[in-house]
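Enquirer: got a sequence here, can you build the structure:
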Amino acid sequence: PVGQWRRAWYFPEKGEDMEAAVSRECRATRKSVGIFDASTLGKIEVVGPDAVEFMNRMYTNPWTKLAPGRCRYGLLCGDDGFIRDDGVIGRMAQDKFHVTTTTGGAARVLNMMEDYLQTEWPDLNVWLTSTTEQWSTIALNGPNAAKLLAPLVEGVELTEEAFPHMSCVECTVAGMPARLFRVSFTGEIGFEVNVPAPMGRKLWETLWEAGQKYDICAYGTETMHVLRAEKGYIIVGQDTDGTVTPYDAGMGWAVGKSKPDFVGKRGLARPDLVAEGRKQLVGLLTEDGSKLEEGAQIVFDPKQAIPMTMVGHVTSSYNSGAAGRPIALALVQGGHGRMGETVHIPMPDRTIAAKITGPIFVDPENARLKI
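Expert: Numbers count the residues shown, from 1 in each chain. Got it, this is the predicted structure:
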């Protein structure tokens, strides 16, 4: 269960348990190409003469200079300055944005947008439309994603020059009207193909057939979680808990410093939110190579008296084939300034030592995103 939806968790082959299936799906996607149903992503159409002004006020990022046909990762905060949602946003035209939200956040984000539009900025000429159920979205990820997709696409060439990473276009895919996004939640070459909802199954079957020569592999949400964690991409609600700011999450780059205002700008300036010792998102690698439990508490000194002072917790933890070992993300007090330090995770049977690292475990140079 994810938000209002039931999503495919993993696709076991005969005799496979979840761990074996997920490990195979991760390997196949990083090696050749994986296919993923992303239709549940929230989608909101923001349209009107003041669409860009509305986006500038809602999201932490700046949008004025984003050209039509380009995408940007968008971060949404509440008044308090804490992360509420995120997603990739494509500018389809000067006055039209295709906003994606988390699967569980679609209704909440639309509600928040409407609230601001109707009560704070009724002067803005903007219309908001939920299009979550209007589009089926199939994601292709992996080194062979462009090769598989290119022969089926009319209206754009899938090359680094004509359609670079973070581009979007209205085109035709397998004979269907489509909105094509070149985005990646895996760190591999990635595309999200949006077609009218009733055509989603036909698109999946067409891509599946075309992908046979590339050993295409269907993957579920668990593999998606592993692949994004290897790249240090957060999941709102898992790596954030309602008390995490963009800076805590290491995403200060997504905050428009020169914007006069946006939702959360004043919140982010409050003394507590700029104080030392906030919990910040980091990577963890255990010294004995064991896998940590999500939710496990973290302490600096394992020999202190009980009750110990807890300084954070493990937010995400997976066995990573690409990293060759278990990896974890965690919120740790002052974590960004503690790189290389050792922390301890007391469990009922033993205490596990782990080293604080950056949150990116695979391809930090983003070389794999290039066609």
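Enquirer: please make it C-alpha for all contacts and neighbour counts, starting now.
Expert: Fine.
Enquirer: could you find the closest non-adjacent residue to residue 224?
Expert: residue 186 (7.2 Å; CA to CA, 6 or more residues apart in numbering).
Enquirer: OK, contacts around residue 370?
Expert: 160, 165, 189 (CA atoms under 8 Å, 6 or more residues apart in numbering).
Enquirer: show me what contacts the closest residue to the last one other than its chain neighbours?
Expert: The shortest distance from residue 189 to any non-neighbouring residue, by CA to CA, 6+ apart, is to residue 369 (4.6 Å). By CA under 8 Å, 6+ apart, the contact list for residue 369 reads 165, 184, 187-190.
Enquirer: now the buried members of those residues.
Expert: 165, 184, 187-190 (16 or more other CA atoms under 10 Å).
Enquirer: need those in a markdown table (columns: secondary structure, pLDDT and distance to residue 363).
Expert: Compiled in a markdown table, these are given as follows (DSSP: H, G, I helix; E, B strand; the rest coil; pLDDT from 0 to 100; distance: CA to CA, whole Å):
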| residue | secondary structure | pLDDT | distance to residue 363 |
| --- | --- | --- | --- |
| 165 | coil | 98 | 16 |
| 184 | coil | 97 | 13 |
| 187 | coil | 97 | 8 |
| 188 | coil | 98 | 9 |
| 189 | coil | 98 | 12 |
| 190 | strand | 98 | 15 |
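Enquirer: ok, so of these, who is nearest residue 343?
Expert: residue 187 (28.0 Å; CA to CA).
Enquirer: need the contact list for the closest one.
Expert: Contacts for residue 187 (CA under 8 Å, 6+ apart) come out as 227-228, 231, 363, 366, 368-369.
Enquirer: including pLDDT and secondary structure, could those residues go into TSV?
Expert: What follows is these, written out as TSV (pLDDT from 0 to 100; DSSP: H, G, I helix; E, B strand; the rest coil):
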residue	pLDDT	secondary structure
227	98	helix
228	98	helix
231	98	coil
363	97	coil
366	96	coil
368	97	helix
369	97	helix
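Enquirer: among these, which one has the most neighbours?
Expert: Within the contacts of residue 187, residue 227 tops the neighbour count with 26 neighbours, counted by other CA atoms under 10 Å.
Enquirer: pretty sure that one contacts residue 26?
Expert: Yes: taking CA atoms under 8 Å as the definition, residue 227 is a contact partner of residue 26 at 6.8 Å.
Enquirer: tell me where the stretch 1-150 of the chain has strands.
Expert: Under the criterion DSSP state E, counting those that start in this stretch, the stretch 1-150 of the chain contains strands at 34-37, 42-47, 71-77, 83-93, 96-101, 127-130, 135-141.
Enquirer: of all those strands, which one is nearest residue 335?
Expert: Taking CA to CA, strand 83-93 is the member of these nearest to residue 335, at 18.0 Å.
Enquirer: so what are the sheet partners of the closest one and their directions?
Expert: strand 71-77 (antiparallel), strand 96-101 (antiparallel) (DSSP bridges).
Enquirer: got the angle between it and strand 42-47?
Expert: 50 degrees (axes from the mean of the first three to the mean of the last three CA atoms, to 10 degrees).
Enquirer: report the distance from strand 83-93 to the chain centre.
Expert: The chain centre lies 11 Å from the centre of strand 83-93; the measure is CA atoms, centre = their mean, to the nearest Å.
Enquirer: again, but for stretch 263-271
Expert: Using CA atoms, centre = their mean, the offset of stretch 263-271 from its chain centre is 24 Å.
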